[in-house]
Every structure is written in structure tokens, then in C-alpha cells.
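S.K.: when you get a sec, could you give me coordinates for this:
(chains A and B)
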Number of protein chains: 2
Amino acid sequence: MSIKTLFEAESIAVVGASHQAHKVGHDIFRNLLVSRKKIYPINPNAKKILGKKCYPSVLAVKEKIDLAVIAVHATLVPKVMNECAKKGIKSVIIISAGFSEIGKTELEKNVFDIAKRNGIRILGPNCLGVIDTAQKFNATFFNKLPAKGDISFVSQSGALGVAVLDWAVKKKIGLSKFISIGNTLDINVHELIDYLNEDKNTKAICLYLEGLKKGREFINSAKRSKKPIIVLKAGETASGLKAAASHTGALASEHAIYEGAFKQCGISQVNTLYQLFEVAQSHVLKACPVSLRALIITNAGGAGVIASDAFEKSGIEIAKIPEDLIKYISKKLPPEWSHNNPVDVVGDALPERYEAVLNIAEKEHFYDLIFLILTPQTMTDPDKVAQVFVDFRKRTKKPCFACFMGGRSVDKAKNILSKNGILNFEEPEYGAEVISKIGKCKV
Amino acid sequence: MSIKTLFEAESIAVVGASHQAHKVGHDIFRNLLVSRKKIYPINPNAKKILGKKCYPSVLAVKEKIDLAVIAVHATLVPKVMNECAKKGIKSVIIISAGFSEIGKTELEKNVFDIAKRNGIRILGPNCLGVIDTAQKFNATFFNKLPAKGDISFVSQSGALGVAVLDWAVKKKIGLSKFISIGNTLDINVHELIDYLNEDKNTKAICLYLEGLKKGREFINSAKRSKKPIIVLKAGETASGLKAAASHTGALASEHAIYEGAFKQCGISQVNTLYQLFEVAQSHVLKACPVSLRALIITNAGGAGVIASDAFEKSGIEIAKIPEDLIKYISKKLPPEWSHNNPVDVVGDALPERYEAVLNIAEKEHFYDLIFLILTPQTMTDPDKVAQVFVDFRKRTKKPCFACFMGGRSVDKAKNILSKNGILNFEEPEYGAEVISKIGKCKV
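M.R.: Numbering: from 1, shown residues only, chains lettered A, B, ... in the order given. I've put the predicted structure just below:
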């Protein structure tokens, strides 16, 4: 219930609010003002911040406060927590760092005890906060709001979270909720999975994890999840484990154990941050192949060869086109076509040639997904081919993926694809890696 | 000698020149007009093309012709070749497709015999042509000229070549020469390696290969090469081999044999097209580590963990920082720093903190390369950190790589890096893959 308060709080105190730009306490306060919630800046040394009356402590606020965002020096956090308890606040986000991650376990335990005694739930400490794009609610110090979308992202690293948010804004990746969990002193990943499962704005859950304190609970929540979960698990190698230990202080244990657990729960495990979102998008777009037999269509033989290599290496089969169909396709294509999968429609292909192959493929069952490659030859019309593919996608249930390779010549076409829900990959290899990791569709 | 003519020809006939935009014969002719060379359009059905007097055949041209670019229907190529022979032309580029790659081996042999009898060298057939940026010389139908640069690219796939050129233009990757080899009926890869080795504008040689007809010669030329050679060898898997066979008709043999040969010649083998150029750029920028012990500096602990994983997986060691140095660094950094490699300068790091670590590292020998990670936190100044790194690079011989993660917040900083010769990777994983493939510096 208190996890809901993280997002559904109506009145919020920012403890450590500051009028100094680029200070964490300033930026969080400024970001929160954009939402429609009631926001109270708390700072004993300021009268007003950004035009809002400032209070010396939460106790000085007469109205009820649902949530406190705490951004003061770590040593002051216990005092603030006691004041929150007295004020009857039941949820806090502790942004402040300087706890167990640098060995201050006693201080952290102290904070935890105050929370337990007073029934307060804590997100953090040492975290970036939370974002809910649907409410334009930004309780972090990251200063832009990502586009509204269906993907929620839970990150164990705050700083990395900022980079991902910044990237998502640029790439126009739609997000629903962002949650930075920090040291997971109290609220842990499994509770967030449970919460996001009930959240109507979330269709896919992305996790960046270094280690789990509550493995059993995590597995149970993940198993219960009706929504796809995609994870990037860092701290995989000896070097990574060592770095993780000195980072969030999480006990990143044996990689194999995690891998097994993820598999058992139907979680997709990826290798890079951006893959997290590409796999999540595939789920949101319902582009989950029931099995991995690919039909590749290309106007560049070489790209077909590269894709064949990449697919085989990633465990994706190159579907076998039935003999009679090869004959039928031959009637529609010039004699130079490859007579095989990848279907090389040859460099001088106009959109009609792509369309002819798609039309033939539409009712066939020898493949499970389409991977359409385009290179910008002189006579190629990338925008129109994109439109042909978009139209085809509306008629089919087969997952459709694109690989429009090149520079400016394909920029507009890539926009057409992305606006119409087709994922495009810059190179066949990246596509192969992502497709091989999508897993079963849950959306 | 005749390979030189491909680039040094002063007078060029375009056989099959056309006034119809988007036709291959039109686009090549139009592209060639930009150069300072003497260009003759050849077409019996036209009087003028783009304002230039048109000739019915090369024989109708009075002046000497050094090179013919042939873009007529495949069946007409023997006739054109005979005319070229009569005219005394010693070099031709056959753009036309429709030869051995679709089973027309006799037609191709016929063309070869005419060439042999008359001492004509052939590039192609079934190729895209050549580009020399230094001369603004574009004998292809790709309609943009990439930026001048130090990297030459030899491609066995023409269509893929177009995508790479288009991408290079957008990414401002500087190229010296581009050579599309097609079916390698005559001029083969090893001769091009020899030529590029003598070419003063080429500092690194990138190859996209599906198969080699002259393996022994290739190995000899590669071994002789004083310049770094980087190869993407497609047709690696069974599926890829099958696709390659129906593409250029090249006999793409066992992958292991190729891998062994490449290793033996000191050739770097990469996995993607874009990696080709990233590894080549590392050579051009003289960013070749003598050995693979990395010093990682980051303002995001999580990114340090990911980098540690990625580096270990790619065979790059995380350098051990000597104990006394750890103590010394501790004097310059806040107590929360990681006390280890990756050096986590912590999220609130200003440029000075990065600078302090770089200054300390400058004269040390415990590492071979620097990988500097930045995530855009509220207080981070990405541009200034980029400048700090650029200044450092001027003082050191150690290869410097950057990983500025995020979106618009780091765009300007990435520009500063690239303008000053520091490669930036979007994610640590890509960086690790590229760095692990650079090999010994030859430039």
C-alpha cells in the first residue's frame, strides 16, 4: 500500500530543498513543481524557494503530508526520519547517499529502526527517486521528463538511471514509471514488480540489477508477473562482481545462480542497457515470435549473408521456403533473385518487389517472424518500402522487424517505421541479439 | 599499374550513360562530372546528356581514354569490351550485373578472354565502382561524397557498400578510397591491398569479404602490408555460407581456415560493419594499446560494473592500481570514491575530479589504456570533462577512449571528443568489443 504512495501521494515535502540551482534539493523541488501535487519545501535556512513558502521542518507544515523526499546530509537523516514519524508520514524517498554503500551500516540501521518503529516505508537511500510520466510527476533530480509510454524501468544504479533517462528522452522511448532503488534498505525489487503488475500504465518491466537481497521473494514475484520482465544483470564476471561490491554494497553472487533463476521465472536477460528497452518494446508492440524461424527479405545480398550469420549465431533459424513457393515467388521477381531465404529482391528493387514477397508470405506458415532489410540504392524508395511494411504489419500477426541500413537516406523511413510500431535495427547483428532474447509474449 | 588507372585516369568514358535520373548510367555520369577529369558519355541513342556531347561508342571519341565505366546490359558487355580493346583502353570498371553470380559463367568467361587478349584490367563485374574523396572522384552511382579521411574500404558487396557510404556520410567518418570489387573476375583483393599500401592517403584498410578466390596471394599481400587491415568476413555459419553462395557466387569456405589466416597475417577480424570503422579509426588515431590493461574512470558506479563485466568478457584486464597510489588518489577524492579500479569519482564529480585522477595516472605504468565514462548528473559538466580528457590525450601516449552515456546532455561533449580524435562508445559493451579487436598499431 505504501508503495502506491510513492506515486499517488497528493502532498509531498522536499526535505533539503534549496534555492541553489544544480543542487539535488533544488532540482527535485523544481521538478516536482511541474506536477499537480501539493509540494512543501523544507529548509530551516530559507524563507522562500522558487516563490514557495519554505518550512523549517515537516512539523511546521499544518496540512497532511503523504510522502517526504529527503535530500539532506546522511548524518541528518535520522533526525528528519524522527520528524517524519512525528508528523505521521508513512512513505519516504531517501535520496541522500553516504550509508551502507560506503560502510556506514550503523547509520543505515538506525534509519531502518526508526522506520520500522513508526511504520514508515523507505525507498533508497542512495537513490535517484521516482518518475511517473502519466502524472508528469518527477521526484528525481533528472531535469527532463521522458515521453509517456508503456515501459517501466527499475534501476539499482541511480547515476546509470540518469544516463538511460537522458537517452530515452532523445530516442523518444516512451516510459511509464522510473524507480531508482538505491541500497534497498526497505522497499525491494519484488514489491515493485508486484506493484507494476497492477499498474495499468505499465506493459513491460525493465530491471537493471547488480545483486538481490531477497532472492526468494524476487523469484515468487517474477513468477506471478503477468507482464514481461527484462533484466540487465551486472556483476557477471569476477571484475564486475568486485566493482559491484564497492558500488551499492550489494552481494552480487554467482552469475549462474541468477541466470538459472531468471530462466525459471521466464525473465529475458540482455547484455546492454539499450537492449533492455528494445526487448521491452518488442513486447509492448506484441512482436514476440512463437518460435524462431525467420524470413529475411533484403535488397542487398551481403546484408542477407550477414543476417544469416548473425541469426544462426543467436539461435534463430533461417526458415526453409517450400519448393512450390520458391517457384511462385520466381514468377513475381526478376531471375536474379536469390531463390532462397534470405529472399534477395536485388539492388534495383522498387517497393512493389518487397510488397510482392510480403503478399505471398502473408498466409504462409513456414516462418515465425519477418526481418526486412533495406539498403538505400539509387532507385530504392526507402519511405515507400517502410510504408509497405507498415501496411503489411497491420494485416499480419507475425512479428515484423526492420533493418534499414545507412545514413540520412533512410532517416525518414526509420521514422515511419518507429511511429507505426516497427522496431528498426542499425545492423543485422543487433537485431539478431535482441530478437533471440524476446521470449514469450506476455502483453 | 592498371589498378592505379582506376584512380588516376584523366579521361573516362561512361558506357551506358543515360539522361534518365536514378538510372545507374545517369547517376555515375552525373557523379563523375564533379571531378576535374575529362568525362565522355557513351550512348548510341542520345545526342547530349546533362549538356555534354554524347558518343555512340568509345570508338567515336577522338581523344585518348584511360578508363571505361561500363553500365550496359550484361549481354552487351562483350561488344563494349571489344570496342574498348580497339580504342586501346587498358582499364574498365564493369558495373553491370548478370554474370557468374546468377550462373552466367560463360558470358563472364567471354568477357575475361577479351580482356586477357587485349591486356585490359577489369574491376567487377557486378560492382558499385570506386570513389577517391581526395580527388572528389566518384565513379559509383552512390550520390554523395563521404568526407576526406584516412580509411579505405574494399567491399565485396556493392549494395552493402552503399549503406556503409551513406552511414559514413551521416557520421562524418572520413574515407580515402572506396572500392567495390563485385565478382573479382580479374582485379582481386590482394592487388588492392598492395595498391592501398602504397597510397599516401590511406592509413587503414577495411575489408568486407564473403570469400576469397586467391587465398595464397591474399595472405602474402596482407603479410606485406605496413598498414592495419580490418576485416568483416561474412559467410561464417552454415546459413551465412548458403546465402553467400547465392550472392556473389564466391566460394566461402570454412570459417576456421579464414580465421587462422587472418590471425597469421595480423588482420583484425570484427563482427559488424560499424566495428570495421571503429577499429580502423582507433588505428588512424594511434589508439592501439600495447597490452590490454584498462584504467576505468567513471562517475556512475553501475557503469563501472557494466564496463568491468564487458572488459573481462572481451579479454581486457582491469588494471590493478598499486596500493600507494590508492592512498594518494584518496587525498584528492571524496571518501566515497571506490578505492579501486574502476575509479568511481562519484555522481557529483565536477571536471576537476576527473582531472585529478588523470593527472595522477599520467606518469604511471600500471595500465595500458584509459576508458573514461561519464553519465550526465545534475552537477556534471560533460563539455568540460570532454575538454579535460582532450587536453590529457595531448600529453599522453596511452590510448584514450570515452563512453559518454546519455542523450542530448552529452551530444556537445561527444562532438568535442570526436573533433579531437577520441573515440566515444554509446555503451561500455561496444567499447570493450572494439578495443579487444584493435590489435597492434601499424600506423
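S.K.: wouldn't A:Glu336 be in contact with B:Gly98 here?
M.R.: Yes: taking contacts as C-beta atoms under 8 Å, A:Glu336 lies within contact range of B:Gly98: 6.9 Å. Backbone N, C-alpha and C define where each C-beta goes, glycine included.
S.K.: residues near A:Ile65, how many?
M.R.: A:Ile65 has 22 neighbours, counted by other C-beta atoms under 10 Å in any protein chain shown.
S.K.: no, scratch that, I was asking about A:Asp324
M.R.: As a burial measure, A:Asp324 scores 8 neighbours (other C-beta under 10 Å).
S.K.: ok, it - contacts?
M.R.: Residues in contact with A:Asp324, defined by C-beta atoms under 8 Å, 6 or more residues apart in numbering or on different chains, are absent; none qualify.
S.K.: so it, which state does it fall into?
M.R.: Here A:Asp324 is recorded as helix under DSSP: H, G, I helix; E, B strand; the rest coil.
S.K.: for A:Tyr40, same thing?
M.R.: strand.
S.K.: mind checking pLDDT for it?
M.R.: Reported pLDDT at A:Tyr40 in the predicted model: 98.
S.K.: likewise for the one 3 residues further on?
M.R.: Confidence at A:Asn43, expressed as pLDDT, is 97.
S.K.: so who does it touch?
M.R.: A:Val15, A:Gly16, A:Ala17, A:Ser18, A:Gly25, A:Ile49, A:Cys54, A:Tyr55, A:Pro56.
S.K.: let's go with 6 Å and repeat that
M.R.: Contacts were defined as C-beta atoms under 6 Å, 6 or more residues apart in numbering or on different chains; by that measure A:Asn43 touches A:Ala17, A:Cys54.
S.K.: let me know the distance separating it from A:Leu59.
M.R.: 14 Å (C-beta to C-beta, to the nearest Å).
S.K.: do A:Thr380 as well
M.R.: Distance, A:Thr380 to A:Leu59, by C-beta to C-beta: 69 Å.
S.K.: those two: which has the busier surroundings?
M.R.: Using other C-beta under 10 Å, the more surrounded residue of A:Thr380 and A:Leu59 is A:Thr380, with 27 against 14.
S.K.: and chain A, what are its domains?
M.R.: Domain assignment for chain A, taken from automatic domain parsing, gives A:1-126, A:146-284, A:287-437.
S.K.: which of these has the lowest mean pLDDT?
M.R.: Mean pLDDT values for those show the minimum at domain A:146-284, a mean of 91.
S.K.: so what's the closest residue in space to A:Ile267 that isn't next to it in sequence up against?
M.R.: In space, and not counting its chain neighbours, A:Ile267 is closest to A:Ile229: 4.7 Å by C-beta to C-beta, 6 or more residues apart in numbering or on different chains. Taking C-beta under 6 Å, 6+ apart, we find A:Ile229 in contact with A:Ile205, A:Ala222, A:Ile267.
S.K.: same list (these) but as CSV, adding neighbour count.
M.R.: Formatted as CSV, the contacts of A:Ile229 follow (neighbours: other C-beta atoms under 10 Å in any protein chain shown):
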residue, neighbour count
A:Ile205, 28
A:Ala222, 23
A:Ile267, 23
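S.K.: can you put the residues you listed in CSV and add secondary structure?
M.R.: Shown next, in CSV, are the contacts of A:Ile229 (three-state DSSP):
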residue, secondary structure
A:Ile205, strand
A:Ala222, helix
A:Ile267, coil
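S.K.: quick check, nearest of those to A:Leu350?
M.R.: Nearest to A:Leu350, judged by C-beta to C-beta, of the contacts of A:Ile229 is A:Ile205 at 42.2 Å.
S.K.: name the element A:Lys109 belongs to?
M.R.: Assigned by DSSP states H and E, A:Lys109 belongs to helix A:105-118.
S.K.: can you show me the CA trace of the helix or strand harbouring A:Glu191 as CSV?
M.R.: Using DSSP H and E, A:Glu191 sits in helix A:189-198. Taking C-alpha atoms only, helix A:189-198 is exported to CSV below (Å, rounded to 0.1, in the frame of the first residue of the first chain):
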residue,chain,number,x,y,z
VAL,A,189,12.6,-5.2,-6.2
HIS,A,190,9.9,-7.9,-5.7
GLU,A,191,7.5,-5.4,-4.2
LEU,A,192,8.0,-3.1,-7.2
ILE,A,193,7.4,-6.0,-9.6
ASP,A,194,4.1,-6.7,-7.7
TYR,A,195,3.1,-3.0,-7.9
LEU,A,196,4.0,-2.6,-11.6
ASN,A,197,2.0,-5.7,-12.3
GLU,A,198,-1.1,-3.9,-11.0
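S.K.: what's the angle between the longest strand seen in chain A and helix A:189-198?
M.R.: Longest strand of chain A, by residue count under DSSP state E: strand A:148-155. Here strand A:148-155 runs at an angle of 170 degrees relative to helix A:189-198 (axes from the mean of the first three to the mean of the last three C-alpha atoms, to 10 degrees).
S.K.: residues contacting stretch A:84-103, please?
M.R.: A:2, A:5, A:58-59, A:65, A:67-71, A:74, A:77, A:107-108, A:118, A:120-126, A:129, A:183, A:248-249, B:336.
S.K.: list the buried ones in it?
M.R.: Using 16 or more other C-beta atoms under 10 Å in any protein chain shown as the test for burial, stretch A:84-103 gives A:84-85, A:87, A:89-102.
S.K.: among those residues, name the ones in helices.
M.R.: With helices defined by DSSP state H, the entries of the buried residues of stretch A:84-103 inside them are A:Cys84, A:Ala85, A:Lys87.
S.K.: nearest to A:Ala386, of these?
M.R.: Once C-beta to C-beta is applied, the member of these that ends up nearest A:Ala386 is A:Cys84, at 53.5 Å.
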